[in-house]
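In: A structural model of the following input is requested.
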Amino acid sequence: MVAGRPGGGETPRLLDGLRALVVEAGPSVQRLAHDQTEGIVAIMKSAAPPASWTDEDKATAILAVVAELVDRLNNPRWKAAAQAAFRLPPERFEGSAFDSLMARWRDLARQEGETLGGSIEEVAERYRGYWRTSAAPHLAQALESRLHDLNSSDGWQRYRSDEPYSPPLALPISFERTEVLYQFDGTRGIQSTSQRWLVAHGAVDHYEAVGWYYSEPDAPVDIVPVANCTLDGLLVPLPQGGRAGTLRFSHELQDGERYYFSYTVRFNSQKECRPTILYEVRGLRMDVLMVRAQFDPNAIPVRCWHFDIGAQSEGYHMPPDGAPEFLKVQPNGYVAHEFRSCKRGRKYGLRWIWPDAATPPLKTVRGGPVGEG
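Out: A predicted model of the protein is given here:
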């Protein structure tokens with residue numbers, strides 16, 4: 001294959017799509033799913049996951065496939081150029097400072113300018129060339145082949161995301177303690193209220209809060225400050241449901257400073273809550289996580305247990321009778337469990353069986369009200 005002139009089939013249109021997808025702020029689920037640029041539309045049409053998937057599910061899976069293909073590029077310059085184009089890893093290119101493709105080339109140039117030789121602008125232009133004439137054509141050809149393989153098998157299932165998108169948290173904070181209370185009306189989740197005690201590891205003046213409701217991804221959840229924080233700006237819809245909001249602190253915290261704040265997420269849904277509370281740790285660490293649930297006394301679960309996804313086979317299966325993971329739900333509907341030394345990126349929570357379930361399932365349904373730590 002001649003660089004910049006990929007082979008036949010869908011590759012030329014996929015190449016146009018990849019080049020269009022990375023300009024300006026770069027790729028996103030919403031952009032891939034809804035942008036009507038011809039090349040971007042061609043990428044979406046070339047993928048054939050199960051028909052039940054939404055456009056957002058499909059776009060999420062395609063971006064995961066592309067990320068894998070970027071990681072497999074053997075030439076280190078091509079790989080670096082492609083990673084910058086797709087803002088990979090996300091924490092490396094987080095923030096509005098990288099909302100242009102050339103800004104991302106310049107960042108590479110500042111890091112490797114001495115190695116390549118030349119001014120920042122000269123080296124940035126070289127990376128632009130690596131992308132357009134080498135990395136992008138190779139990715140387009142690899143993407144065509146990979147999509148063909150996935151379309152002709154059941155391979156798409158590995159890319160299915162059953163959980164809402166959680167934006168990366170690169171803030172310099174740890175949590176000494178987080179307490180979250182989920183409240184229910186019948187089998188419907190009403191709201192969760194989080195209390196947090198954090199430690200700053202550098203200058204930081206806000207926290208990015210996320211809220212969603214599994215049973216209705218498009219539910220118009222609200223994020224409402226309760227104590228020692230204010231909502232800065234409008235809530236931002238997330239690619240797979242839910243919303244994110246910036247909670248501004250009373251002042252800019254400095255390294256080593258401790259701070260308390262609290263907020264509520266109102267789910268605003270009339271649908272029954274799927275029987276799971278899932279909590280993802282997004283601070284650098286979390287010493288203590290207390291998960292509480294106040295069920296409606298008229299809809300108390302018949303079985304309830306806690307889980308740590310990393311330690312309990314993904315946490316989907318109900319423990320055997322007599323297992324220590326089972327929790328006693330009080331007659332008034334209250335139950336709680338404390339997790340300690342929680343790890344960043346790991347998920348913790350509660351699962352249960354609603355009283356009207358016909359038989360206890362071997363595998364619970366993923367979902368329910370979700371929080372992030």
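
In: switch to C-alpha atoms for all contacts and neighbour counts from now on
Out: Fine.

In: Keeping just the C-alphas, turn the one helix or strand residue 111 maps to into PDB.
Out: Using DSSP states H and E, residue 111 sits in helix 101-116. Output of helix 101-116 as PDB, limited to C-alpha atoms (Å, rounded to 0.1, in the frame of the first residue of the first chain):
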ATOM      1  CA  LEU A 101      -5.500  19.200  16.600                       C
ATOM      2  CA  MET A 102      -2.500  21.500  16.100                       C
ATOM      3  CA  ALA A 103      -2.400  22.100  19.800                       C
ATOM      4  CA  ARG A 104      -2.000  18.400  20.300                       C
ATOM      5  CA  TRP A 105       0.800  18.300  17.700                       C
ATOM      6  CA  ARG A 106       2.500  21.100  19.500                       C
ATOM      7  CA  ASP A 107       2.300  19.300  22.800                       C
ATOM      8  CA  LEU A 108       4.100  16.300  21.200                       C
ATOM      9  CA  ALA A 109       6.700  18.700  19.700                       C
ATOM     10  CA  ARG A 110       7.400  20.300  23.100                       C
ATOM     11  CA  GLN A 111       8.000  16.800  24.500                       C
ATOM     12  CA  GLU A 112      10.100  15.400  21.700                       C
ATOM     13  CA  GLY A 113      11.500  18.500  20.000                       C
ATOM     14  CA  GLU A 114      15.100  17.800  21.000                       C
ATOM     15  CA  THR A 115      14.900  14.200  19.800                       C
ATOM     16  CA  LEU A 116      13.600  15.200  16.400                       C
END
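
In: elements contacting that helix?
Out: Helix 101-116 is packed against helix 76-85, helix 120-130, with contacts defined by 3 or more C-alpha pairs under 8 Å, 6 or more residues apart in numbering; DSSP states H and E.

In: remind me which residues of this structure are low pLDDT?
Out: Applying pLDDT under 70 to the chain flags residues 1-9, 91, 94-95, 113-117, 160-170, 239-240, 309-317, 357-373.

In: between the helices and strands packed on helix 101-116, which one is nearest to residue 213?
Out: For the helices and strands packed on helix 101-116, the distance to residue 213 is smallest for helix 76-85, at 32.0 Å, taking C-alpha to C-alpha.

In: buried set for the closest one?
Out: Residues of helix 76-85 classed as buried by neighbour count (16 or more other C-alpha atoms under 10 Å): 77-85.

In: on that earlier part again, distance to residue 285 added to the helices and strands packed on helix 101-116, as a markdown table?
Out: Below are these laid out as a markdown table (distance: least, C-alpha to C-alpha, whole Å):
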| stretch | distance to residue 285 |
| --- | --- |
| helix 76-85 | 27 |
| helix 120-130 | 36 |
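
In: of all these, which lies closest to residue 336?
Out: helix 76-85 (42.6 Å).

In: and the angle for that closest one with helix 120-130?
Out: Relative orientation of helix 76-85 versus helix 120-130 (axes from the mean of the first three to the mean of the last three C-alpha atoms, to 10 degrees): 100 degrees.

In: What is helix 76-85 packed up against?
Out: Identification of packing neighbours for helix 76-85 by 3+ C-alpha pairs under 8 Å, 6+ apart yields helix 55-71, helix 101-116, helix 120-130.

In: Quick one: closest of the helices and strands packed on helix 101-116 to residue 237.
Out: helix 76-85 (23.4 Å).

In: How far off centre is the closest one?
Out: How far helix 76-85 lies from its chain's middle: 23 Å, per C-alpha atoms, centre = their mean, to the nearest Å.

In: One more: stretch 297-310?
Out: The answer for stretch 297-310 is 24 Å, by C-alpha atoms, centre = their mean.

In: As JSON lines, the buried residues of helix 76-85 with distance to residue 296 would be great.
Out: As requested, the buried residues of helix 76-85 are exported to JSON lines (distance: C-alpha to C-alpha, whole Å):
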{"residue": "77", "distance to residue 296": "58"}
{"residue": "78", "distance to residue 296": "56"}
{"residue": "79", "distance to residue 296": "53"}
{"residue": "80", "distance to residue 296": "53"}
{"residue": "81", "distance to residue 296": "54"}
{"residue": "82", "distance to residue 296": "51"}
{"residue": "83", "distance to residue 296": "48"}
{"residue": "84", "distance to residue 296": "49"}
{"residue": "85", "distance to residue 296": "49"}
